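> sequence and predicted model, in that order:
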Amino acid sequence: MTEQANRVQPTAEVSPAAIVGAGTNIWHHARVREGAILGEDCIVGTGVYIDRDVVVGSRAKIENHAQLFRGVTLEDGVFVGPQACFSNDRFPRAITPDGRLKGDQDWTVGPILVRYGASIGARAVILPGVTIGRFALVGAGAVVTRDVPDQGLVMGGSGRTARLCVPVRGAIAVAGW
C-alpha cells in the first residue's frame, strides 16, 4: 500500500513544528499550531483552529470553524461538528488581580479528553477537566461541564449544563428531567 499524501489548501497555516499524518486534508483558512499532532486520514475543515500541543488521532473529522485549544486530546475516529469549542480555562480573565495582562504563566491549562469514536455536535462547548467517553454523543449546542460516560448522550444549552442521557433497558433516561 502506498502512503497517501497530505492535502493542505494554500490559505491554511500549518506550522512546520506540527506533525500531520499521511492522508490528512486541511482546508481553507485552517490553522494548525506548533507542537500539534494530527493522525492519519483526518479532515480539518475550513477555518478550524488547532492550538499548540493539541493531539488529534487518526480518522478524525473536524468540521468548519471548530476551535481546539491547548490541552485537548481527540482519540481516533472522533467527529467534531461545526463551530464546536473546546475551552482550556474554566475561569478566564484578561488581567491578573494586580491588573497585568495575563500570559501563559498565569494559568494552568485544563485538559479535555475525547475518547474513541465520540461525536461532538455543532456549536457544543466543552469545558476543561472533562472526559467524553467512547462512542458518546454530545448534542448540538450542549455545554459540557462534567464527564460523559462511554455511549452516553448529553444535550442542552441556553446557559445550563448539558443533561446526561444514558441507555436504560432499550429506552433513554434523562438525568434531571
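Ah, there it is.
> when you work out contacts or count neighbours from here on, use the C-alpha atoms and nothing else.
Fine.
> pLDDT below threshold where in this structure?
Within the chain, the segments meeting pLDDT under 70 span 1-3, 157-177.
> and for it, the residue most distant from the center?
Most distant residue from the mean C-alpha position of the chain: residue 98, 32.4 Å away (Cα atoms, centre = their mean).
> contacts for stretch 98-115?
Applying Cα atoms under 8 Å, 6 or more residues apart in numbering, the external contacts of stretch 98-115 come out as 70-76, 78, 86, 88-90, 93-96, 126-135.
> buried ones in it, by neighbour count?
Within stretch 98-115, the residues scored as buried using 16 or more other Cα atoms under 10 Å are 109, 110, 111, 112, 113, 114, 115.
> likewise for stretch 22-38?
Of the residues in stretch 22-38, 22-38 count as buried by neighbour count, 16+ other Cα under 10 Å.
> tell me how far that stretch lies from the chain's centre.
14 Å (Cα atoms, centre = their mean, to the nearest Å).
> repeat for stretch 16-36
That offset, for stretch 16-36, works out to 15 Å (Cα atoms, centre = their mean).
> need the residues that contact that stretch.
3-15, 37-56, 58, 65.
> filter these to the buried ones?
Buried subset of the contacts of stretch 16-36 (neighbour count, 16+ other Cα under 10 Å): 6, 8, 12-14, 37-56, 58, 65.
> one step back: just the buried ones from the contacts of stretch 98-115?
In the contacts of stretch 98-115, the ones that pass as buried (16+ other Cα under 10 Å) are 70-76, 78, 86, 88-89, 126-135.
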